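Colleague: Just need the structure, nothing else, for what follows:
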Amino acid sequence: MTPAPQGPGTPVAGLVLDLDGTLADTPRAITAIMLKILADRGVPTDEAVLRSMVGRPLEQNFAQLLGCAPDAPEIASVLAAYRDLFRAHLEGIDPAALAYPGVVEGLRRARTRGLRLGLATSKPRRAAERMLALMGVADLFQVVAGDDSVRHSKPDPEMARLVADGLGLPPGRCVVVGDGVADMAMGRAAGMRVVGVSYGAATPAELKAAGAEEVVDSFAAVLALVTGPTAGGPTADSPADDGSPSDNSPYDSPLCNSSTDDRESS
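Modeller: Prediction:
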């Protein structure tokens, strides 16, 4: 049975964060690379279709688009081409431009306020760790889970539960933050609160239909929703990070004070 998220007044102690389209401004690059690879193979594809696939495991996407099994030799060749092109993209951009505005500052503020941070991404774990390092935030994450860390991909709840376990937290004290329908479904199935961001792959309507309690337009708004006012909490000079979940977070958080019964049903 899926555990129900804990009710109003339960302090949020951990964030389970998606990477592409949530922390990293990569959906356009991912879409462009997929378009090129498919065009090189004579498979014309609509850009909007590809963008809607961002956040899902690449082998599943390419298998669907090419009409073959995920373990087919053609998929291995396509994935190798994708990795080369995406690596070249990362090497050609300023690392400071990799994160969305406010993400790096927001992650650091979350840590100083006692929140534990975990990553749940459809990327392979090592690739995700490299991206976090490029963004300068790898040291802020206690857990990084990729598609190769679990048997079942998003929207299955396995990855969210794995991250919560690594953070040492029950699901009800975690909030999943993502830009994709699969993120919302994963979080709900795991018994976590779910917040969507509108600047990534899915539309606000799609995120709400998938179960998002709130959809916000910036990462700063995510932090405001989860942590509430800054008064009375830990500061950068006195971080609450002693390894135990902080009961000072989310203070007067709107998420904490909202009823789980008010969420739009998926």
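Colleague: now the residue in the chain sticking out farthest from the centre: how far from Leu50?
Modeller: Relative to the centre of the chain, and counting by CA atoms, centre = their mean, the farthest-placed residue is Gly42 at 32.1 Å. According to CB to CB, to the nearest Å, Gly42 and Leu50 sit 16 Å apart. In short, each C-beta sits where N, CA and C put it, glycine included.
Colleague: I'd guess the residue farthest from the centre of the chain is in a helix, am I close?
Modeller: No. Under DSSP: H, G, I helix; E, B strand; the rest coil, Gly42 falls outside any helix and is assigned coil.
Colleague: quick one, what contacts it?
Modeller: With contact set as CB atoms under 8 Å, 6 or more residues apart in numbering, Gly42 has no partners.
Colleague: how about it, phi and psi?
Modeller: When read as degrees, to the nearest 10, the backbone of Gly42 gives phi 70, psi 30.
Colleague: And the helices in this structure, which stretches?
Modeller: For the chain, the helices defined by DSSP state H cover 27-40, 47-53, 58-66, 73-91, 103-112, 125-135, 158-167, 181-189, 204-209, 219-227, 254-257.
Colleague: what's the offset of the first one from the middle of its chain?
Modeller: Taking CA atoms, centre = their mean, to the nearest Å, one finds the center of helix 27-40 at 21 Å from the center of the full chain.
Colleague: pull the CA atoms of that helix into PDB?
Modeller: Only the C-alpha atoms of helix 27-40 are listed here, as PDB (Å, rounded to 0.1, in the frame of the first residue of the first chain):
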ATOM      1  CA  PRO A  27      16.100  20.600 -21.800                       C
ATOM      2  CA  ARG A  28      16.800  22.700 -24.900                       C
ATOM      3  CA  ALA A  29      20.200  21.100 -25.400                       C
ATOM      4  CA  ILE A  30      18.900  17.600 -24.800                       C
ATOM      5  CA  THR A  31      16.100  18.200 -27.300                       C
ATOM      6  CA  ALA A  32      18.500  19.600 -29.900                       C
ATOM      7  CA  ILE A  33      20.900  16.700 -29.500                       C
ATOM      8  CA  MET A  34      18.100  14.100 -29.900                       C
ATOM      9  CA  LEU A  35      16.800  16.000 -33.000                       C
ATOM     10  CA  LYS A  36      20.200  15.800 -34.600                       C
ATOM     11  CA  ILE A  37      20.700  12.100 -33.800                       C
ATOM     12  CA  LEU A  38      17.300  11.200 -35.200                       C
ATOM     13  CA  ALA A  39      17.800  13.400 -38.300                       C
ATOM     14  CA  ASP A  40      21.100  11.700 -39.000                       C
END
